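Visitor: Next come a sequence and a model predicted from it.
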Amino acid sequence: MNPYQIDPAAARAKDEGDLNLLGTLHYVWTGLLGCTTIAVVLYFVGIAGFIANAPSGPHGHPHDQEVVAGVMVVFGIVMAAVLVPLIVLHLLAAAGLRKRTRYTLVLVMSGFTCLSFPLGTGLGIWTIMVLMRPGVKALFGQR
């Protein structure tokens, strides 16, 4: 027997363990992303409230503050409209890691996770490295 040969059962157990851990970490990442989304939306709405209630200066138009407050609320809504679907896709990818489905979605969302330096980059790169293993591809039913 070749001493450098890897035991198939041990390799499969490692792949299963890595996928389970990655699934859990992606759920945690999704929770962090959800908390960040709530904070960003509340930030923009809070700033809008401060601007709308601030006393106007002697040279400002009375409706300037209302316009700026409205723009801040729109920014908050746009941020939520972008981040909520991203959270849903991350949830689907995390579930895919746990159930060994949605290989392409998991791969794409891992790429998006890499954009969040430094924690997301580490998680995304590790996920991509694990997904490229032939044994993991087999677990997902890929060729």
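Guide: That came through fine.

Visitor: From the contact counts, what lies against the longest helix seen in the chain?
Guide: In the chain, with assignment by DSSP state H, the single longest helix is helix 8-53. Counting contacts by 3 or more CB pairs under 8 Å, 6 or more residues apart in numbering; DSSP states H and E, helix 8-53 packs against helix 64-99, helix 103-113, helix 119-131, helix 134-139. Every C-beta, even on glycine, is put in place using the N, C-alpha and C of the backbone.

Visitor: and these, which is most packed in?
Guide: Stretch with highest mean neighbour count among these: helix 103-113 (a mean of 19; mean count of other CB atoms under 10 Å).

Visitor: hmm, back to that, let me know the angle separating the longest helix of the chain from helix 103-113.
Guide: Per axes from the mean of the first three to the mean of the last three CA atoms, to 10 degrees, the angle that helix 8-53 makes with helix 103-113 is 50 degrees.

Visitor: average pLDDT for helix 8-53?
Guide: Averaged over helix 8-53, pLDDT sits at 93.

Visitor: what angle do it and helix 119-131 make?
Guide: 150 degrees.

Visitor: Got phi/psi on the residue located most distally from the centre of the chain?
Guide: Using CA atoms, centre = their mean, the residue of the chain lying farthest from its centre is Pro58. It sits 45.5 Å away. Dihedral pair for Pro58: phi -70, psi -20, per degrees, to the nearest 10.

Visitor: ditto for Pro118
Guide: Per-residue torsions, Pro118: phi -100, psi -30 (degrees, to the nearest 10).

Visitor: Can you report how many residues neighbour it?
Guide: The local packing of Pro118 (other CB atoms under 10 Å) involves 7 other residues.

Visitor: OK, contacts around Leu91?
Guide: 27, 30 (CB atoms under 8 Å, 6 or more residues apart in numbering).

Visitor: Repeat the analysis, applying 7 Å as the threshold.
Guide: Listed by CB atoms under 7 Å, 6 or more residues apart in numbering, the contact set of Leu91 reads Thr30.

Visitor: Distance check, it against His26.
Guide: Going from Leu91 to His26 by CB to CB, to the nearest Å gives 9 Å.

Visitor: same question, Pro134
Guide: Distance from Pro134 to His26, by CB to CB: 22 Å.
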